[in-house]
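> below is the sequence, then the predicted model.
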Amino acid sequence: KAGVTQTPRYLIKTRGQQVTLSCSPISGHRSVSWYQQTPGQGLQFLFEYFSETQRNKGNFPGRFSGRQFSNSRSEMNVSTLELGDSALYLCASSLAEGDGYTFGSGTRLTVV
Amino acid sequence: GQSLEQPSEVTAVEGAIVQINCTYQTSGFYGLSWYQQHDGGAPTFLSYNALDGLEETGRFSSFLSRSDSYGYLLLQELQMKDSASYFCAVRDPDDKIIFGKGTRLHILP
């Protein structure tokens, strides 16, 4: 079966710009979560969606937002980019809690 | 706040057994998961402990003790390909997913 697909793989943006990242979960998975991964902070939870509803949100500023569509595809948006937003952004989908999360390969965002 | 503590690095010899611990300071959570991540790759799911006790999946086992706020991942018959970072994770009472900062496992030939 196809895995979790994230696009784009790499992105370079300038401070102050905004960016939209896309995630297509495994077919049949309705739960999608997003994470920011940096060398110093590890994996930080951004938000989770289930059936188009945001289930919960991590401790990130309001510049970080997301949504989920009826086909379970999800997008996250970061506005007014800062240098500190440079990171690997990972998306994961799940069928059920005990099945674990399947991660995409991530989008490497560099803010210059 | 809620947090998971793991050793930052562990070194072991090929063919040996290694245990990676995860202690947590969060009260009430919905199970403990473990993930493996190779350099440049995405995390991959290894195991999930919903209840106290040992779960075994091939060479990997995971253990959870809620009363001790402690869990571990046990890797047996270590292979060079097991060199990676290992993360523990929980869903906390606020329904947020928390990951430990990861343990980098170095395997010596």
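Nice, I can see it. Numbers count the residues shown, from 1 in each chain, chains lettered A, B, ... in the order given.

> residues contacting whatever residue of chain A ends up closest to chain B?
As assessed by Cβ to the nearest Cβ, chain B sits closest to A:G100 within chain A, at 3.0 Å. All C-beta spots, glycine's among them, are computed from the backbone N, C-alpha and C. The neighbours of A:G100, taking Cβ atoms under 8 Å, 6 or more residues apart in numbering or on different chains as the test, are A:S94, B:S33, B:Y35, B:F45, B:L46, B:S47, B:Y48.

> which PyMOL command selects the buried ones in the residues you listed?
The buried residues among those can be selected in PyMOL (16 or more other Cβ atoms under 10 Å in any protein chain shown) with this line:
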select buried, (chain A and resi 94) or (chain B and resi 33+35+45+46+47+48)
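
> what residues are bridge-paired with the residue most central in space within chain A?
In chain A, the C-alpha nearest the mean C-alpha coordinate belongs to A:W34, at 3.4 Å (Cα atoms, centre = their mean). When bridges are called by DSSP bridges, A:W34 pairs up with A:F47, A:C91.

> over to the one 4 residues further on?
The residues paired with A:T38 through beta bridges, assigned by DSSP bridges, are A:G42.

> in contact with it, which residues?
Applying Cβ under 8 Å, 6+ apart, we find A:T38 in contact with A:Q44, A:S86, A:A87, A:L88.

> also B:A16?
With contact taken as Cβ under 8 Å, 6+ apart, B:A16 is in contact with B:L78.

> tell me which helix or strand it sits in.
If you go by DSSP states H and E, B:A16 is not part of any helix or strand.

> stretch B:61-71 near chain A at all?
No. Contact between stretch B:61-71 and chain A is absent, the nearest approach being 11.4 Å (criterion: Cβ under 8 Å from any Cβ of the partner chain).

> how far off centre is that stretch?
Distance of stretch B:61-71 from its chain centroid, counting by Cα atoms, centre = their mean, to the nearest Å, is 10 Å.

> in CSV, list the C-alpha atoms belonging to that stretch.
The C-alpha coordinates for stretch B:61-71 follow below in CSV (Å, rounded to 0.1, in the frame of the first residue of the first chain):
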residue,chain,number,x,y,z
SER,B,61,10.6,-6.1,23.2
SER,B,62,9.0,-3.2,25.1
PHE,B,63,8.1,-3.0,28.7
LEU,B,64,5.8,-0.6,30.7
SER,B,65,5.3,-0.1,34.4
ARG,B,66,2.8,2.6,35.2
SER,B,67,3.4,2.4,38.9
ASP,B,68,7.1,3.1,38.4
SER,B,69,6.5,5.7,35.6
TYR,B,70,9.0,3.7,33.5
GLY,B,71,9.3,1.9,30.3
